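# sequence first, predicted coordinates after that:
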Amino acid sequence: MNGDGNPLMATGLLDDRPILVTGAARGIGCSIAERLCQEGANVIMLDRDPEVKDSAATISSACESIVVDLCDEESTKSAIQAAAEKMGGLWGVVNNAGIFAKTPLLEMPIAEWDRMMEVNVRSMVLVIQAAAPFMIQAGAGRIINQSSMAAKLGTPGEGHYAASKAAVGALTRIAAQELGPHKITVNSICPGYVLTEMGADTRDPVQVAEWTAKSPLGRLATPDDVANAVVFLMSDQASYITGEALNVSGGMCTS
Ligand SMILES: NC(=O)c1ccc[n+]([C@@H]2O[C@H](COP(=O)([O-])OP(=O)(O)OC[C@H]3O[C@@H](n4cnc5c(N)ncnc54)[C@H](O)[C@@H]3O)[C@@H](O)[C@H]2O)c1
């Protein structure tokens, strides 16, 4: 279903493409894994939460999972190596794992800042370092990094989160330049407010109504709205799009 309630038709755009999705136990990552599977991809879902095993089993018997904390360098390398060997290579990676918190700058323990950067940016670098060599070997590939509308706008209390997502945009631009010669595209996605636990747990109903009113489409994003953008960027149809930060914000952010 898309956010308007219309059924999504599988097109086979990604038949047999081996793809990793991080932070896939729940929320947006889980929906991305499901949509990629619907499009014919072979998917391995990575998450530190063991629930990822149940999520993979629910999606499809063709979908597998690995429990891994992406902040741990050695475990991340081994998990990606194992996944690529199991799937016979790697076409794509969706760097979706992330955390959110809202704390004003003057009250923020510096450990909270460090943790935000560690999960939202450093883990992405570890995944790219481990995964890109398989794409270079294959002669092409796709990397999609989960950013946020906060990278471009943001609200009070999101200093660390917004900075981490802006860093994702910068990392994406540079990775696109470095990996372009290997026919690997690297893009980021900037969702607005998406209806997941991360979204619902951090805003009250009044704030949800306020955010809904900011979209000319009059609704918030569903995880599938984001997953559909991932399917497109992952496909052959997006082969000349790289270094971009694509808004999926229902028109809340247009720059
Ligand atoms: N929900 C929103 O409104 C929204 C908006 C814009 C961007 N995003 C981004 O989308 C992504 C997914 O968001 P969501 O709403 O689905 O969040 P979520 O909290 O529901 O899911 C995040 C997943 O990442 C996993 N994860 C966190 N740290 C990890 C680590 N160190 N190693 C492995 N896995 C780890 C969690 O276990 C969880 O399954 C995040 O990067 C988030 O910043 C979300």
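Cool, got the structure. Numbers count the residues shown, from 1 in each chain.
# hmm, who's touching the lengthiest helix in the chain?
The longest helix of the chain (DSSP state H) is helix 159-179. Identification of contacts with helix 159-179 by CB atoms under 8 Å, 6 or more residues apart in numbering yields 98, 100-105, 108, 112-113, 116-117, 120-121, 124-125, 128, 132, 135-136, 141, 143, 145-148, 150-154, 185-188, 190, 242-245. In short, each C-beta sits where N, CA and C put it, glycine included.
# which residues of the stretch 101-250 of the chain lie near the ligand?
119, 123, 146, 148, 191, 193-194, 196-199 (CB under 6 Å from any ligand atom).
# quick one: name whatever helix or strand follows the one helix or strand L46 maps to.
Using DSSP states H and E, L46 sits in strand 42-47. Using DSSP H and E, the helix or strand that follows strand 42-47 in sequence is helix 52-59.
# what separates that next one from the chain centre, distance-wise?
Distance of helix 52-59 from its chain centroid, counting by CA atoms, centre = their mean, to the nearest Å, is 18 Å.
# again, but for stretch 81-101
10 Å.
# I'd like to know how many residues surround D224.
19 (other CB atoms under 10 Å).
# that one: what's it in contact with?
1-3, 8, 31, 35.
# run through the residues that contact the closest residue to E197 other than its chain neighbours.
Nearest non-adjacent residue to E197, counting by CB to CB, 6 or more residues apart in numbering: G27, 6.0 Å away. Contacts for G27 were tallied using CB under 8 Å, 6+ apart; they are 194, 196-198, 223.
# shaky segments in the stretch 51-200 of the chain?
199-200 (pLDDT under 70).
# ok, which stretches of it are strands?
In the stretch 51-200 of the chain, the segments counted as strands under DSSP state E, counting those that start in this stretch are 64-67, 92-95, 141-146, 184-191.
# between these, which one is nearest to T76?
Taking CB to CB as the criterion, T76 comes closest to strand 64-67 out of these, the separation being 10.1 Å.
# is the ligand contacted by the strand or helix carrying G29?
If you go by DSSP H and E, G29 is part of helix 27-38. Yes - with CB under 6 Å from any ligand atom as the measure, helix 27-38 is seen reaching the ligand through 27-29.
# picking up where we left off before, the strand holding L46 - contacts with which helices or strands?
strand 18-22, helix 27-38, helix 52-59, strand 64-67, helix 73-87 (3 or more CB pairs under 8 Å, 6 or more residues apart in numbering; DSSP states H and E).
# recalculate using a threshold of 10 Å.
Using 3 or more CB pairs under 10 Å, 6 or more residues apart in numbering; DSSP states H and E, the elements in contact with strand 42-47 are strand 18-22, helix 27-38, helix 52-59, strand 64-67, helix 73-87, strand 92-95.
# ok now do P109, which residues does it touch?
Counting by CB atoms under 10 Å, 6 or more residues apart in numbering, P109 touches 103, 115.
# next, give phi and psi for the residue in the stretch 51-200 of the chain positioned nearest to the ligand.
Residue of the stretch 51-200 of the chain nearest the ligand, by CB to the nearest ligand atom: G98 (2.3 Å). Dihedral angles of G98 (phi, psi; degrees, to the nearest 10) stand at phi -170, psi 160.
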